[in-house]
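1. Sharing a model prediction with you, sequence too.
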Amino acid sequence: QAFAIALTSFDAKLAYNSTNSSNKEIAVITGGTRGIGYAISQKFAQNGIRCVILGRNKETIENSINNIMMINDLEHVGMVCDVRNYEEIVNNISKLGNINYLINAAGISSDNLVVKLKEQEINNIIQTNLFGTIFMCSNIVKYMIKQKQGGCIINISSVIGINGNVGQSVYAASKAGIIGFSKSLAKELGSRNIRVNIIAPGFIETDMISALHRFGKPEDIADAASYLAKAQFITGQIIIVDGCLNI
Ligand code: NDP
């Protein structure tokens, strides 16, 4: 299911046909409906990059697209896609043209001591955070390689994946997995000029941690993502954005 707000019709290949939108770079952003992913979408739109926002809910995607459409008159696009579902990813990605950036920001947390977590909760965390990131990368990288124009992948991990935390062992495992995966992928793809980097946020004020006091802002992560998008000689690195948090 893909839709482009402000486009009257949608066909197999996304209609990158308006004068303003042609020849613009394209970023696929998972989790672009809320929080960090949404802030990154806003930042990239401000930088003149067209955004393809993935989420599970059509209404929230439409809201995000409508909002970033107000930044400029580029055709940003929404896709209903669950990152746990490999087939859904394959189908949606096949509708895209060139892809220059992939930002994996979709993620969930379900915090509890490991002995109290149910099997389904464990599966859900790993499938969304780790498998989702791997599924998205493995599919989009194929297109980036074919395009022969290089590319930039930014995977959102967490300081918890580096330091660990009580009640977050499975979440930490998923986020540590993203680090090992991304560093390896950077080595696999360096010769093709496809850069892969990781952002490890500290506590950022989004729906995920609204119960806590204010820490970082989603925009702080978007600034780091915007920098990595431009930094042509940085790959395989972790940028920690946590305001010097000490867990
Ligand atoms: P939010 O809860 O605000 O947003 C999560 C996003 O992920 C939503 O857009 C949601 O879309 C999407 N999402 C969740 N599950 C799926 C799925 N199965 N398929 C597709 N999209 C999905 O989270 P944050 O913005 O806080 O977090 C973004 C990333 O940053 C996550 O990976 C998180 O682990 C990481 N992070 C966050 C920190 C924080 O303090 N907030 C700290 C460190 C890391 P929808 O529900 O519409 O489908």
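-> Here it is on my side, so go on.
2. who in the chain is up against the ligand?
-> 30-31, 33-37, 54-57, 60, 82-84, 105-108, 128-129, 156, 158, 201, 203-204, 206-209 (Cβ under 6 Å from any ligand atom). From N, CA and C alone the C-beta is placed, and that goes for glycine too.
3. Those in helices, which ones?
-> 35, 36, 37, 60 (DSSP state H).
4. The last one: what's it in contact with?
-> Going by Cβ atoms under 8 Å, 6 or more residues apart in numbering, residue 60 touches 33, 34.
5. With the second one instead?
-> By Cβ under 8 Å, 6+ apart, residue 36 lies in contact with 105, 156, 201, 204, 206, 218, 221, 222.
6. Now the last one: which helix or strand?
-> The reference is to residue 222. For residue 222, the element it lies in under DSSP states H and E is helix 218-230.
7. Adjacent strands (with direction) for the following helix or strand past that helix?
-> Using DSSP H and E, the helix or strand that follows helix 218-230 towards the C-terminus is strand 238-241. Sheet pairing of strand 238-241 (DSSP bridges) gives strand 194-201 (parallel).
8. just the CA coordinates of the strand it pairs with, formatted as CSV?
-> What follows is strand 194-201, C-alpha atoms only, in CSV (Å, rounded to 0.1, in the frame of the first residue of the first chain):
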residue,chain,number,x,y,z
ILE,A,194,27.5,3.1,0.4
ARG,A,195,28.1,4.4,3.9
VAL,A,196,26.5,2.8,6.9
ASN,A,197,26.6,4.6,10.3
ILE,A,198,24.8,4.3,13.6
ILE,A,199,23.3,6.9,15.9
ALA,A,200,23.0,5.9,19.5
PRO,A,201,20.7,8.3,21.2
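9. how big is the angle separating it from helix 218-230?
-> 160 degrees (axes from the mean of the first three to the mean of the last three Cα atoms, to 10 degrees).
10. for the protein, which spans come out with low pLDDT?
-> 1-20, 208-214, 246-247 (pLDDT under 70).
11. Surely residue 153 is within a strand?
-> Yes. Under DSSP: H, G, I helix; E, B strand; the rest coil, residue 153 falls within a strand.
12. can you give me the strands for this structure?
-> Assigned by DSSP state E, the chain shows strands spanning 2-3, 26-30, 50-55, 77-80, 101-104, 151-156, 194-201, 238-241.
13. okay, those strands in JSON lines with mean neighbour count and distance to residue 42 next?
-> Formatted as JSON lines, these follow (neighbours: other Cβ atoms under 10 Å; distance: least, Cβ to Cβ, whole Å):
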{"stretch": "strand 2-3", "mean neighbour count": "16", "distance to residue 42": "20"}
{"stretch": "strand 26-30", "mean neighbour count": "26", "distance to residue 42": "10"}
{"stretch": "strand 50-55", "mean neighbour count": "27", "distance to residue 42": "9"}
{"stretch": "strand 77-80", "mean neighbour count": "23", "distance to residue 42": "14"}
{"stretch": "strand 101-104", "mean neighbour count": "27", "distance to residue 42": "12"}
{"stretch": "strand 151-156", "mean neighbour count": "25", "distance to residue 42": "15"}
{"stretch": "strand 194-201", "mean neighbour count": "25", "distance to residue 42": "16"}
{"stretch": "strand 238-241", "mean neighbour count": "19", "distance to residue 42": "16"}
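14. Brilliant, that's me finished.
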